[in-house]
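Novice: predicted model and sequence below, questions to follow.
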Amino acid sequence: MEIKLEDLEILFTEEQIQQKVKELAEKMNNYYKNEEVIAICVLKGAVMFAIDLVKNLKMPLKMEFIRLSSYGTGTVSTGKVHAVDISLPDLNDKNVLIIEDIVDTGHTAKFLMDFINNNFKTKSTKFCSLLDKKISRVTDIEPDYYGFDIDDKFVVGYGLDYEGYYRNLRYIGYKAIV
Ligand code: IMP
Ligand code: MG
């Protein structure tokens, strides 16, 4: 499958995304109150979401960035998670909030939750994903927070890429079947 800009159909507009981000932030503000949070952005896909989300969070917060990759090429999940850079500070006793773009098979989410819980005794570890593609799930992982449910579509934009492209779109789109 090849994806061209002119083939893209809008799934979520910029306004819908921004509204959802605010709703998620509100839930987190209510949950964490004034407790410190370490927000971990999973590069590269979650970058737009993480930046917009943290701007709406009110508790004392630190940001960390890690880089993982699971998709080799194209639109088919390999199921193998590759840690490109997973250097993190001491997370013992911290409230850890992992921020991802999408949970698809769940391999990435599971890898990260296991990695953190095996290496640290955190105060809490929560997983937040903008998108949840439940139909593709092959692991028993569920995000603690998610923005939108999507069906079996390969989506791009707002951080999500197709072979590295389209991360800069303000909306989330998918290739319409023509
Ligand atoms: P999982 O490990 O299969 O859950 O896949 C998670 C990762 O695959 C995400 O962090 C994305 O980078 C990528 N991914 C999964 N579905 C899509 C999609 O529809 N568009 C773009 N990237 C995707
Ligand atoms: Mg990703």
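Specialist: Arrived safely, thanks for sending. Ligands and ions are numbered 1, 2, ... in the order given.
Novice: buried ones in stretch 152-161, by neighbour count?
Specialist: For stretch 152-161, the buried set under the neighbour-count rule, 16 or more other Cβ atoms under 10 Å, comprises 153-161. For glycine as for every other residue, the C-beta is placed from the backbone atoms N, C-alpha and C.
Novice: of the residues you listed, list those near ligand 1.
Specialist: 154-156, 160 (Cβ under 6 Å from any ligand atom).
Novice: re earlier: save the buried residues of stretch 152-161 as TSV, and put in secondary structure and pLDDT too.
Specialist: Formatted as TSV, the buried residues of stretch 152-161 follow (DSSP: H, G, I helix; E, B strand; the rest coil; pLDDT from 0 to 100):
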residue	secondary structure	pLDDT
153	coil	92
154	coil	94
155	strand	97
156	strand	98
157	strand	98
158	coil	98
159	coil	98
160	strand	97
161	coil	96
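Novice: quick check: the two most widely separated of the residues you listed?
Specialist: Pairwise distances across the buried residues of stretch 152-161 peak at 15.9 Å for 153 and 159 (criterion: Cβ to Cβ).
Novice: of the ones next to ligand 1 among the buried residues of stretch 152-161, which is the nearest to residue 166?
Specialist: For those, with residue 166 as the reference and Cβ to Cβ as the criterion, the closest is residue 156, at 3.9 Å.
Novice: understood, closing this out.
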